[in-house]
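Q: Need coordinates for the below:
(2 chains)
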Amino acid sequence: MRSRITFNSERCIWCRSCELMCSLHHEGECSPSLARIRVFPDLFEAEVEGYVCRQCEEPECLHACPMGAIRMNPETRSYVISEDQCTACGLCAEACPHNVGNNVIFFNPARNVYVKCDLCSGNPQCVAICPTEALKLVVSR
Amino acid sequence: MKIHGWIGKILWVNLTDGKLTESDTTKYARNFIGGRGIAARVAWDEIPPEADAFDPENRLIIMTGPLNGTSAPTSGGRVTFAGIAPQAYPKPHYTRSNMGGYWGAELKYAGYDGLIIEGKSCSPVYLWIKDGEAEIKDGQEIWGLDTFATQKRLMKQYGKTAQSICIGPAGENLVRIATVQSGIENAAGQGGFGAVMGSKNLKAVAVRGSGGVPIARPEEFKELCKYASSVAHPPKEPPRDHALTHKACGMSCSTLECGAGHARIFKKVKGKVHPILYTGAVQCASPAYLRFRPWEAGFEAAQLANRYGINHWEIVLGLTGTGRWLDLCYKEGIITEKDLAMNVDLDSGKFWCEILRKIAYKDGIGKIFAEGVPRAADILGKGKEHLPHVAHGYETHWDGHLFGGPRYPYWIVAALQWAMDSRDPLIHCYAEEITYWTSRPGSPVSIEQLKAIGKRLYGSELAVDPESNYEYKAQPTIWHQNRLAVDDSVPVCEEIFPTIYSRTSSDGFGDTSLESKLFSAATGVDMTEEELDKVGDRIYNLERAIMVREGRTRRVDETVIPYFEKPDRAGIRLDVTKFRALMDEFYNIRGWDPATGWPKREKLVELGLKDVADELARMKHW
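A: This next block holds a predicted model:
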């Protein structure tokens, strides 16, 4: 069992602070298109969808990466992309079955790498700002 | 040079000749920050003082600030609309309105801090903005659609992440109480700016952006956002299931300030007039619709108001609900079924659905109500004695008289703020919260803590002492006027900021330096709380100069007096002599002439508004 972030759509209040804190933490700017967690409120249906890496037991992204750049971080017990080794081939993003609309693994043009949730080294900022526990860090023991 | 917080560009749209131009935001940002502040400077520079709301010369100024699009709690999508407002009474004058939601953030991600729209298109159009590219598009196909249908159509065309502001039939038909709408329940309500859009033949502004807002000091800003959420007013232990029905009214509101009774989502409620399923929200004033019978028809009326683009506030705090104008006039036989030319059932949701339709399409009595209640009373020639309108064309709002607002002596501050403003002043920060402390069980701070806050913030315990009278009431009025101008400019939500108290701090103090801390870390432009309040002072004085140029005098300020002479809920009336003396004190502290209510030349010069002073001198205002 990997550590991962879970999203509860019922408890989400649609504020999208998680997206902004994520990109702020990783990229130094507030930008939903740079966020590794994404929340799409459909106001007219009063529904919401959330996307974030699920830390699969058998990660397709890991198997797809020709560079071996996706590895288990033993400290956070989660799979992360080693940006030093990423050649931006994009096979991970294609392989991920949950990557609808490239909302989970996507290309960051400024740094020429693919990125996804890395649990902020164990202290995920999206979880820290979420006011209603719609986001939770499930820690693997 | 790379800038942080601001994007750096303002888009100017001339709908008469179709020209689009850009200008540098920093020209205005240095002295006026953003939002309401920049809007005031643009209005002073651009709008001819004699312009009517529906003249092509009027500008619709739509402005964000440096914290929009960031994770600063409540700042995300909050945006100012400003211009000559058709709802203003007795004649249209300059004012501002404010909307939450997501659109303001998306505009920045799309490359602009704001839009300044002038002129009038010869046929219906909308604006489409994507990543620094703006286009005026033919709007024939969406003209006539309600605000929900309009947004859905634009999302179908431009993708589901496109955000739109738009008007419904009410704005198209120049209803003076027409809103600009976004999403299901976000609106720039007060002022009637929906009708200004309609007068320009502008149906909507759709935006989509893939950019972001660079932050000068990301680490510090991140910690500040978390701290701000915790020190603001959230209940110590929010009800566990609060989140199931309460949703944020906009991007980045990570506080839980607005309670479940304040904002509620309903799904698939079957209409009683139209056989469709309504999904939507009621928020702030609009839960009042749920008191109509059956409640489903009341909810339908609330949703129809959103879809037509009609200001809830003028309906449920003016025409009926708390304002009760029509209810009282009808009960006393002043207004009859003959006047309305329809069967009257004031408790019926269906009746209000029909009234709203008539207003939106200016059908029958709706044509008269579409002018707003004060003008409707003029046209009908009756009912003035029951108007729930305080002054300037705006209905009761936290003034301590018609609903659970501040008790005496706190409504003296509300009266003074009402006297000086161009619309209903937003007085939550003083009036609402102090009332909470002094008159409700389980208040978050004690009277002793309240007095300590009063002394630190306003300079005297008397400013908040429940046993006080007219003494020391000008100071808190001015403090909050300046601060609200800041908060509408950076911007943050005025329901939560300034955080003058906290439920979670040990001494009861909030942190009134939050705005300056967030602003400084985001922009890299270091400003102390005092420096920022000085900018608020500048913005407030510039707005006063706009009002003066339009003809505002002390005589107009005093038009609030008759309303406050009516007994409050405890039977206490305004002491007019003492209030006039308080007004003198206010003008003197502000550096305004007590005889005329005009800012003195030296005050404007001190605030860096010498050119404004010169213009007023040229117009012989001294």
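
Q: quick one, helices of chain A?
A: For chain A, the helices defined by DSSP state H occupy A:17-27, A:60-64, A:91-95, A:125-129.

Q: other SSEs contacting the second one?
A: In terms of contacts (3 or more C-beta pairs under 8 Å, 6 or more residues apart in numbering or on different chains; DSSP states H and E), helix A:60-64 is packed against strand A:70-73, helix A:91-95. C-beta coordinates here come from the backbone N, C-alpha and C atoms, glycine included.

Q: Let me know the secondary structure of residue B:154.
A: Put simply, residue B:154 is helix when judged by DSSP: H, G, I helix; E, B strand; the rest coil.

Q: do you know how far the residue in chain A that chain B sits nearest to is from residue B:105?
A: Relative to chain B, the nearest point of chain A is residue A:31 (2.3 Å; C-beta to the nearest C-beta). Using C-beta to C-beta, to the nearest Å, we find residue A:31 at a distance of 10 Å from residue B:105.

Q: Ok, residue B:211 next?
A: Counting by C-beta to C-beta, the separation of residue B:211 from residue B:105 is 11 Å.

Q: ok, these two, which is more surrounded?
A: Shown here are residue B:211 and residue B:105; by other C-beta atoms under 10 Å in any protein chain shown, residue B:105 has more neighbours (31 against 19).

Q: Which residues are in contact with that one?
A: Residues near residue B:105 by C-beta atoms under 8 Å, 6 or more residues apart in numbering or on different chains: B:64, B:68-69, B:76-77, B:163, B:251-252.

Q: tell me which element residue B:534 falls in.
A: Assigned by DSSP states H and E, residue B:534 belongs to helix B:529-549.

Q: Could you pull out the helices in the stretch 101-250 of chain B for me?
A: Secondary structure of the stretch 101-250 of chain B (DSSP state H, counting those that start in this stretch): helices at B:103-109, B:147-158, B:169-172, B:193-199, B:218-231, B:242-245.

Q: Residue B:274 is nearest to which of these?
A: Closest to residue B:274 of the helices of the stretch 101-250 of chain B, according to C-beta to C-beta: helix B:147-158, at 12.5 Å.

Q: what's the offset of that closest one from the middle of its chain?
A: From the chain centre to the centre of helix B:147-158 is a distance of 25 Å (C-alpha atoms, centre = their mean, to the nearest Å).

Q: can I get the helices and strands packed on helix A:60-64 in TSV with mean pLDDT and mean neighbour count?
A: Formatted as TSV, the helices and strands packed on helix A:60-64 follow (pLDDT from 0 to 100; neighbours: other C-beta atoms under 10 Å in any protein chain shown):
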stretch	mean pLDDT	mean neighbour count
strand A:70-73	96	16
helix A:91-95	98	18
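
Q: can you redo those as CSV with distance to residue B:432?
A: Formatted as CSV, these follow (distance: least, C-beta to C-beta, whole Å):
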stretch, distance to residue B:432
strand A:70-73, 48
helix A:91-95, 49
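
Q: And those: which comes nearest residue B:49?
A: Residue B:49 lies closest to helix A:91-95 among those, at 57.0 Å (C-beta to C-beta).

Q: So what does the residue nearest the centre of chain A look like in phi/psi?
A: Here the mean C-alpha position of chain A is nearest to the C-alpha of residue A:117 (C-alpha atoms, centre = their mean), at a distance of 3.0 Å. Taking degrees, to the nearest 10, you get phi -60, psi 130 for the backbone angles of residue A:117.

Q: Could I get the contacting residues of it?
A: Here residue A:117 is in contact with A:5, A:22, A:36-37, A:52-53, A:104, A:124 (C-beta under 8 Å, 6+ apart).

Q: Could you tell me what pLDDT the model assigned to it?
A: Looking at residue A:117, its pLDDT is 98.

Q: same thing with residue B:238?
A: For residue B:238, pLDDT reads 62.

Q: Mean pLDDT added to the helices of the stretch 101-250 of chain B, as JSON lines?
A: Below are those laid out as JSON lines (pLDDT from 0 to 100):
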{"stretch": "helix B:103-109", "mean pLDDT": "98"}
{"stretch": "helix B:147-158", "mean pLDDT": "98"}
{"stretch": "helix B:169-172", "mean pLDDT": "98"}
{"stretch": "helix B:193-199", "mean pLDDT": "98"}
{"stretch": "helix B:218-231", "mean pLDDT": "94"}
{"stretch": "helix B:242-245", "mean pLDDT": "78"}
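
Q: Indicate which one of the ones you listed is closest to residue B:347.
A: Closest approach to residue B:347 among these (C-beta to C-beta): helix B:169-172, 23.8 Å.

Q: So which elements touch the closest one?
A: Right, helix B:169-172 is packed against helix B:193-199, helix B:349-360 by 3+ C-beta pairs under 8 Å, 6+ apart.

Q: now what about that helix, what contacts it?
A: So helix B:169-172 is contacted by B:143-144, B:146, B:177-180, B:194-195, B:197-198, B:203, B:308-310, B:359-361, B:370 (C-beta under 8 Å, 6+ apart).
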